[in-house]
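> Dropping the sequence and predicted coords here.
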Amino acid sequence: MTAETGTHATTQVLRAALGSQLIDVAEFRGDLTLSVTRETWVQAATLLRDHPTCDFRLFLDLCAVDYLDQPERPARFEVVLHLYSVSRRHHIRLKTRLPESDAKLATLTNVFKGANWFEREAWDLYGIVFEGHPNLTRLLTHDDFVGHPMRKDYPTSERHVLQHPKERLLKVPEGSEKLVLNIGPSHPTMHGTFRVQALMDGETIVDAAAELGYMHRNFEKMAEVRTYWQIIPYTDRLNYCSSFMNGHGWALAVEKLLGIAAPPRAEAIRVILSELSRIMDHIICIGANVVDLGAITPFFVMFRAREDIYDVLEACCGARLTVSYVRIGGLAEDVPEDFEARCRRAMDSVREVLVQAERLLTRNIVFTKRFKDVGVMDRDNALSYGWVGPCLRGSGVAYDIRKDHPYSGYEQYDFDVPVGTVGDCYDRYLVRMEEMRQSLRIVEQALVKLPRGPVIVDDRRVALPPKADVYSNIEALMNHFKLVYEGILAPTGEVYGYTEAANGELGFYVVSNGAKCPWRVKVRPPCFNIYQAFPEMIKGHMLADAVATIGGLNVIAGELDR
Amino acid sequence: MATRVITVDRSLKPGIWPLVLGHWETLKNLVRTLILRQASTIEFPEKRRNVSGRYRGIHILTAREDGTPKCVACFMCATVCPAECIYIESGERPEKTIEKYPTRFEIDLLRCVYCGFCVDACPEEAILMSRENDLVGTTREELIIDRDRLMARAKLLDVGTGYHPSEHDVRRPVRIAAIEKLKQERGIGNSRPPRG
Amino acid sequence: MPKLTIDGREIEVAAGTTVIRAAQQLGIDIPHFCWHPDLSVDGNCRMCVVEIEKQAKLQISCNTAATEGLVVHTDTPRVRAARRSTLEFLLVNHPIDCPVCDQAGECYLQDQYQAYTLHDARTELEEKVHKRKLVDLGPILLDAERCVLCSRCLRFESEVVGTSTLMFANRGNRTEIATFQNRPITHSYAGNLADVCPVGALLSHDFRFKMRVWFLASTPSICPGCSTGCNVYVDQRDGEIYRLRPRRNPEVNKSWLCDPGRAQYKQIGSPERVAVARTRRGAEWSAVPLAAALDVLAAHIKGAGRALAILGTPQATNEDLRALSTLADTTGARLDFRVGDPELKVRELEDGILQRADKNPNTQGALDLGIARSGVDEIIAACRRGEVAVLLLQGPELLRLPAAGVFLEKVPFVAVMATHNEPALERAHLILPAAAWAEIDGTFTNYQRRVQRILRAVPAPGEARPRWDLVGELLRRLGAPLAATSARELFGEVVRAVPEYAGLDYRVLGESGRVAISVGANGHSPLPQV
């Protein structure tokens, strides 16, 4: 598509302001993509944020793509920005191209606070220099790493050993009497491996800097050499506390790219298992959070419900944690006959522990003193950082993808979206507790309405044929072989698939060039944006408050670092 | 569509009565675990968790009636494995409809992620997963399981199989007569006793 | 030059071009079984049907000539229905052999099913007709059940090899491919039968069950077996070569490759490879690090002055030979390569098909680069007279001569670059490990004076290096380093040294090579006088 087409209001705003510098407008599978010149990059992003027609205030994702040796692409790199407008309920993609010889771009950190770490990641993995960035250093790879691993000409077999880890993350003024304290990575309060270095004046944190990447396994590079089916077990290991939801999000993104839809029974089962996984994740978040405050009892009490949810998952697919139950186009196989009974048992268990947790916590004076007005995040900063999910809703923004952009049949279910007012730890706790109750409502309705039918799309380019056919006729056998050794061949194009995971908007930006493996997969990890705000949030507050805050953000290292 | 939004209630006041309720819950848990013995904990290894018939445990290579492997070394499992942990070498069999068998079939059980895709990919019902997940070894080499050890595990099927190809698929009408014939002639379905 | 339209796109083609070839030029692939670009048209499979405007019936595009104004549609509902029926009939008796069939991954039935029809089966397994399976025809295995009766193998036998060993036997749905009395295939082009067969009916015995093809990565290269320079693909996985396949080049080998050529890959992974440098003291050989061996050799060369003789090998690439001639120029050494007179055989076709009498891939390149200088007999005579202090051999040919033991008696130091161990190497004092053809980038010039690229497919073993790299290291030690640091750059020097190669570089050579300019009246340029 050329710059002449495209009538969306946003397109017109940008065209009016940029003229021919708006190089291309494209729409594919409902995604609007605007390409601009690198000189107008900051101007375009600012316009998208500030112009009243656009109002794209929620920063989602910024990533780079390497189009090495692709003949139809004159420039090697592309930097891609994803934004969301809460008021207009619209996603947008903004892109620009950079040649290999001059891979530099102006920073967006002055436009969106969340761009900071994303630009560091693009520098780290691709070698793109963001001019004006306050701290363009490696983020996910270690300090002795050489090279830019996501580049297409970086061999996967290369190894770099860390010899000299960076001790100091902060600049400590000369002669200062303040204490430098490492919180993590091997600290029980860090629910996962990540680190914050704090400069302490007594009990108060004067300055803080975060370090991550301890669990970086470069999922995105593996995704470039695995077929769409083979990527599913990798997605389980993103947010491993609610692993089914990652697979659900991945399958939906690929189905969007393919232009197919899973059958209604599959979607309903996906909803049930996703909501149960959401409950599991919230239980971990709250349980672990209060353990840090010294309240161990709710942890033991709440985790009992997780056992029953694991029971449901294990009966469906044979695994508790890393389920790999989704398939592109549906599910691996149908649920067992006692599925409903097991679900109801799990739901009863959850109801029971929610009552207990409520009684142990919500009106407990120690708890409220530790949580109320601690870790406050205001609405505007939250949007600028790219907060989503229960954390964003705690700050008062009622954005829930299940309501605003329903998928998998969520529009049929009746449920409410809880929001907070102050944006403190207490609000986030209350929001999560309420979300669990709402999830129970959804599961109840889905179980009652569960339609009959197949659990995978009847499309021979996508789904494995039934085993009985594979054993008995040549057509199905050939089909099976092609799908295994060649896999799904997605059409050329790019999509951004997004779902409301336990932590918020989990996005998969998938670029395909028609081959059996995707060309690029970028995971939009919700807790990455959330954690990025943490050092700012705790400055000027006490250490104990920082401990209370971090737990409520539900940072899962698997998702944070990928 | 309008989102139904509810604002959470921060106004709940803490006090003495909530503390009493909290302790009451803790006391109930104490009675439940100590006296009624209803703790969730399973005292492993004396007691084991009951897992379902779809459990993705350690693999099994199935056998034909004559004890030779059903596997024909077609490489489907090695191709699909996301962890690249299956190593196969194929050799010739004299039978004209079978022709191939694995001279080597090894799974690196430490690399394996127990996703079950190998079972999904197998066109001969030659590989299944058991309900067993005890993986004990003192060296890495020990935990690379070879063909004969994988076939010896087939006796585990007496207590019930784990992850296996599903029989029920409503996408297309199942040709019952064909399935019955296959069971008689090629032994498909015969190697697995009824699920327990 | 008729102009026709295919799927809405116009193209002008040479008169007589068939629609299927015209479509190929547009990048449109029309599915087919029996059609082959280098065999006659048979038109029996009916898979390549297309819809042509103003013609009532669907036409087979392999036998329809492109005419002016023809409007062709390759993807309409009628075409799709016809393909469906055709494929269904082909599969009616097809055995469910995919798990045990080597063709999986390059099977026309699998590929066309998935790409074009994806239809439901309508036959029961019990109803299928059974035919002979596992018939051993020597280098080729026949499975008659899998055969789709496209007759490609029959046409290959009669048109290319001229032996007509395969025939159709029986009738109706019992028709099978067969040889008379199941006699094995004895000509040396049997491997092509497995290549032309679109399914797993004819399969290579050598490749049987070795590796699934989708694991293999293909690198384009040139067969080093003779001066024809057939184009090949080297198929390897993790550094191990599993087979060679012919690469289509209408000007050199069409789609064919002889069996001895196919077997060329076996030497690459041979246990007899020379991987480390060795030196001899008396009868004792000891391994030495390559750098040390090169130091020793360089010292000898310096001390030899003009008493140095160098013998190139027509097994080496143009880049290797250019480095060698640079060394000869720098040191004023005697230089030649023609042990066994390969230049007399370079054009001689042995079997009337592909194999030539000169079993070296680059005799012509050596001639073009002026390696034929001093004369082999003269060099041998100089050795006998004791005038040669150091003899540097780019390959072991001279050492294999029966008289070598005698005329080398007075040569105090013999160094040889070798890829494989053999008894002849015992006559040398120093052995340098050379990388073989599948392990290097470079060019060979074939009998047509076509310069063709070889590309590195697998890594060389141990310390083995390209021959030009070994010579480059010597030149560096002699204080006259090569300007070029890669095969690509060295080819630039080759082009400067050979006027007929003007305008060539790796990009220009591309996939099918280029014939050097100044071709004489008989189609071949005159060879430089010996």
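In hand now; what should we look at?

> tell me which element residue 87 falls in.
No chain in the question, so chain A it is. Using DSSP states H and E, residue A:87 is not contained in any helix or strand.

> try again with chain B
Judged by DSSP H and E, residue B:87 forms part of strand B:86-92.

> Just give the strands next to that strand in its sheet, each with its orientation.
strand B:100-108 (antiparallel) (DSSP bridges).

> for the partner strand, which positions count as buried?
For strand B:100-108, burial by neighbour count (16 or more other Cβ atoms under 10 Å in any protein chain shown) applies to B:100-102, B:105-108. Yep, even glycine has a C-beta here, placed from its N, CA and C like the rest.

> Tell me which helix or strand comes right after it.
Criterion used, DSSP H and E; the element after strand B:100-108 is helix B:117-121.

> CA-only coordinates of that next one in CSV, if you can.
Extracted in CSV, the C-alpha atoms of helix B:117-121 (Å, rounded to 0.1, in the frame of the first residue of the first chain):
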residue,chain,number,x,y,z
PHE,B,117,5.3,-33.7,20.5
CYS,B,118,7.2,-36.9,19.7
VAL,B,119,4.1,-38.9,20.6
ASP,B,120,1.9,-36.5,18.5
ALA,B,121,4.3,-36.9,15.5
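
> For residue A:524, give me the pLDDT.
Looking at residue A:524, its pLDDT is 96.

> swap in residue B:38?
Confidence score, pLDDT, at residue B:38: 82.

> do residue B:103 as well
For residue B:103, pLDDT reads 95.

> Surely it is in contact with residue B:92?
No - in this structure, residue B:103 is not within contact of residue B:92 by Cβ atoms under 8 Å, at 9.2 Å.

> since we're on the single nearest residue of the stretch 1-150 of chain C relative to chain B, how many residues are nearby?
Relative to chain B, the nearest point of the stretch 1-150 of chain C is residue C:99 (3.3 Å; Cβ to the nearest Cβ). Residues within reach of residue C:99, counting by other Cβ atoms under 10 Å in any protein chain shown, total 23.

> Could you find which two of the buried residues of strand B:100-108 are furthest from each other?
Maximum pairwise distance among the buried residues of strand B:100-108 (Cβ to Cβ): 22.4 Å, between B:100 and B:108.

> Quick one: the buried residues of strand B:100-108 as JSON lines, columns for distance to residue C:144 too.
Formatted as JSON lines, these follow (distance: Cβ to Cβ, whole Å):
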{"residue": "B:100", "distance to residue C:144": "18"}
{"residue": "B:101", "distance to residue C:144": "23"}
{"residue": "B:102", "distance to residue C:144": "26"}
{"residue": "B:105", "distance to residue C:144": "30"}
{"residue": "B:106", "distance to residue C:144": "35"}
{"residue": "B:107", "distance to residue C:144": "36"}
{"residue": "B:108", "distance to residue C:144": "40"}
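
> Closest to residue A:176 out of these?
residue B:108 (52.2 Å).

> List the residues that contact the closest one.
Contacts for residue B:108 (Cβ atoms under 8 Å, 6 or more residues apart in numbering or on different chains) come out as B:85, B:87, B:143-144.

> Quick one: name the residues of chain C near chain A.
Contacts of chain C with chain A, taken as Cβ under 8 Å from any Cβ of the partner chain, map to C:91, C:94-96, C:98-99, C:104-105, C:107, C:109-111, C:113-114, C:118-121, C:123-125, C:212, C:214.

> Any of the residues you listed buried? List them.
Here, 16+ other Cβ under 10 Å leaves C:91, C:94-96, C:98-99, C:104-105, C:107, C:109-111, C:113-114, C:118-119, C:121, C:125, C:212, C:214 buried among the residues of chain C next to chain A.

> Narrow those to those in helices?
C:91, C:109-111 (DSSP state H).

> would you list the residues you listed in TSV and tack on pLDDT and distance to chain B?
Shown next, in TSV, are those (pLDDT from 0 to 100; distance: Cβ to the nearest Cβ, whole Å):
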residue	pLDDT	distance to chain B
C:91	94	16
C:109	96	16
C:110	96	13
C:111	96	16
